[in-house]
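A.B. asks: Make a model of this:
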Amino acid sequence: MLKKMGEAVARVARKVNETVENDSDTLDLAECKLVSFPVAIYKVLRNVVRHIQFINLSNNELRSLTNKFMTTFSQLRELYLEGNALYKLPDEVSSLHRLKIINLSRNQFRDFPEKLTALLALETINLEENFIVDVPVEKLDAMPSLKCVNLRLNPLNPEVRVIAKPLIRFDLLVSPEEAQSDSAQ
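C.D. replies: As a prediction, the model looks like this:
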């Protein structure tokens, strides 16, 4: 077990060093077995943090992100968090004013993260395969840049399916009703 843990730490260190050495706009820590965002990374990235626009933390074991994460990386344009154990976002997610894409698929959300509706640049929200029942359709429709919300494989209220489609101007992706029933079981 210690060997595997050591390999995971080395992988994270290698990926962070690549970002710093290349002065990259991307931090890719996907599949690193992270249970939280390592605090030490903030110090290592301090000289390049303003350049980072894309972060991939997919397929880890994250249960939460901190307000510090959101405020440190406030210039993000794309944030990939699919395949974790997230069930809510910190309040400071509203500081991501430049965010265009957020992928929260395959997590543990039971409530739609309404703080996302304050992000006026947001174009794509992916919440596929969570446990969301209700959706703030009116707030989403008021988002000027929103193009697509993916809610496939969520146990959505039937009202959301019926009411939302004729009222909205963005693409709302939902599963066929038969698949909805299957995923709720």
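A.B. asks: Next, give phi and psi for Lys88.
C.D. replies: When read as degrees, to the nearest 10, the backbone of Lys88 gives phi -160, psi 160.
A.B. asks: so what's the nearest residue to it once chain neighbours are set aside up against?
C.D. replies: Nearest residue to Lys88, sequence neighbours excluded (C-beta to C-beta, 6 or more residues apart in numbering): Pro113, at 6.8 Å. From N, CA and C alone the C-beta is placed, and that goes for glycine too. Taking C-beta atoms under 8 Å, 6 or more residues apart in numbering, we find Pro113 in contact with 88-89, 93, 104, 127.
A.B. asks: If Leu79 is in a bridge, with which residues?
C.D. replies: Beta-bridge partners recorded for Leu79 (DSSP bridges): Ile55, Ile102.
A.B. asks: For burial, what's the neighbour tally of it?
C.D. replies: Counted by other C-beta atoms under 10 Å, the residues lying close to Leu79 total 23.
A.B. asks: any idea of the pLDDT on it?
C.D. replies: pLDDT for Leu79: 98.
A.B. asks: Could you do Lys100 as well?
C.D. replies: For Lys100, the pLDDT comes out at 98.
A.B. asks: Lys139 and Leu99, how far apart?
C.D. replies: In this view, Lys139 and Leu99 are 16 Å apart by C-beta to C-beta, to the nearest Å.
A.B. asks: More neighbours: which of the two?
C.D. replies: For the pair Lys139 and Leu99, the greater number of neighbours falls to Leu99 (26 against 13), based on other C-beta under 10 Å.
A.B. asks: if I've got this straight, that one is in a strand?
C.D. replies: No - assessed with DSSP: H, G, I helix; E, B strand; the rest coil, Leu99 is coil; it does not lie in a strand.
A.B. asks: thought it was touching Leu119?
C.D. replies: Yes - with contact defined as C-beta atoms under 8 Å, Leu99 reaches Leu119; the gap is 5.4 Å.
A.B. asks: what's the top helix by length along the chain packed up against?
C.D. replies: Criterion DSSP state H: the longest helix present in the chain is helix 2-21. If you count contacts as 3 or more C-beta pairs under 8 Å, 6 or more residues apart in numbering; DSSP states H and E, helix 2-21 packs onto strand 26-28, helix 40-44.
A.B. asks: before we move on, the earlier item: just send the contacts of Pro113 back as CSV, with pLDDT and neighbour count too.
C.D. replies: Listed next are those as CSV, based on pLDDT from 0 to 100; neighbours: other C-beta atoms under 10 Å:
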residue, pLDDT, neighbour count
Lys88, 97, 16
Leu89, 98, 21
Val93, 98, 21
Leu104, 98, 25
Leu127, 98, 26
